[in-house]
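# sequence plus predicted model, see below.
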Amino acid sequence: MSGFAEATAVSKVAEGRYTAELDGGYRIGEALNGGYLMAVLLRAAVDASPHAHPVATNTAFLRVGRPGPAEISVQTRKTGRTAATAWVTLSQGDVPIVDAQVTTGTLDPDAEPSWAGQAPPALPPLEECVGGAPSLAKDRGFADRVDMRFDPATMGWLDGQPSGRLEMSGHFRLRDDDYAPDAYLLALAVDALPPVVLNTGSPGWAPTVELTWHMRAVPAPGALTLYGGGRMVRDGWFDEEVEVWDSAGRLVAQSRQLARVGRQTT
């Protein structure tokens, strides 16, 4: 079993009930990454469904997830020939951490779009992108589990020169892992970019409150490309939209989230 598969594995203990051991390797600071929590939750949702793919996931992040034991409950709301819907909750110590409404369906990996909008501009090649090697001094958690190479045009905030636009983009794959892209890796990918609000000069952690994402196609093997943007920052809130494109140049996932603007920590 690959590292990511093991880190997101769930065990069925009864009808609609699962357990998991949340992996601290996917933490950012003290909190587990939201995309990682969605990946764990979605494994239970798909296992309980007659359909193979989470085509629409609406997620509310209620509390910070921590490494350690977790429970997932799956309450089926409707089961149909082409889609099924369930209410899924991930809890720790009987306290809900994440709630999600998940609609599952079965996507044809060979299907082609009958209409598609224009693809975004290509990112610079990997050698021209900004990316960090894994830390040799200590385990940085999420940053050492994924290999992300960012478009330099969206990373000015690192040098105190934010672009002033809600934007972030980069190449994405797991580090040192032969795990092929699938629905669960897409769940990780849609929440993997640094918050786009950093490019407006906003400091600190920007916690996601709600995130909705759609799986549009079964991804081809290889690295993914992430394009993040947003429309407005206001009254302590900002939105972020992410498109995920696969190595075959196909749009495979879309997301939109509402998050809190980070605060300066002292």
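Thanks, I have it.
# C-alpha only now, for contacts and for neighbours.
Will do.
# so how far is residue 195 from residue 130?
Distance, residue 130 to residue 195, by Cα to Cα, to the nearest Å: 16 Å.
# wait, I meant residue 120
19 Å.
# neighbour-wise, which of the two wins?
Neighbours per residue, other Cα atoms under 10 Å: of residue 120 and residue 195, the larger number sits with residue 195, 26 against 10.
# so that one touches residue 206, yeah?
Yes - assessed by Cα atoms under 8 Å, residue 195 is found in contact with residue 206 at 6.7 Å.
# just the helices in the stretch 51-200 of the chain please.
Counting by DSSP state H, counting those that start in this stretch, the stretch 51-200 of the chain has helices at residues 142-145, 183-189.
# ok, for residue 146, nearest residue in space, not its chain neighbours?
Leaving out its chain neighbours, the residue that sits closest to residue 146 by Cα to Cα, 6 or more residues apart in numbering is residue 174, at 4.3 Å.
# isn't residue 60 right up against residue 96?
No - Residue 60 lies out of contact with residue 96 (Cα under 8 Å); the separation is 10.3 Å.
# tell me the domain ranges of the protein?
Following automatic domain parsing, the chain resolves into domains at 1-106, 123-266.
# out of the ones you listed, flag the one nearest residue 112.
domain 123-266 (9.0 Å; Cα to Cα).
# ok now the closest one, how far from the chain's centre?
9 Å (Cα atoms, centre = their mean, to the nearest Å).
# now that domain: mean pLDDT?
In this model, domain 123-266 carries a mean pLDDT of 92.
# just put the domains of the chain in CSV and tack on distance to residue 116.
Output for the domains of the chain, formatted as CSV (distance: least, Cα to Cα, whole Å):
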stretch, distance to residue 116
domain 1-106, 18
domain 123-266, 9
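# of all those domains, which one is nearest residue 113?
Comparing the domains of the chain by Cα to Cα, domain 123-266 comes nearest, at 9.5 Å.
# was I right about residue 75 contacting residue 90?
No - counting by Cα under 8 Å, residue 75 stays clear of residue 90, with 11.9 Å between them.
# when these two are compared, which one has more neighbours?
Between residue 75 and residue 90, residue 90 has the larger neighbour count (other Cα under 10 Å), namely 27 against 16.
# hang on, residue 231 packs against residue 239?
Yes - contact status for residue 231 versus residue 239: in contact at 6.5 Å, counting by Cα under 8 Å.
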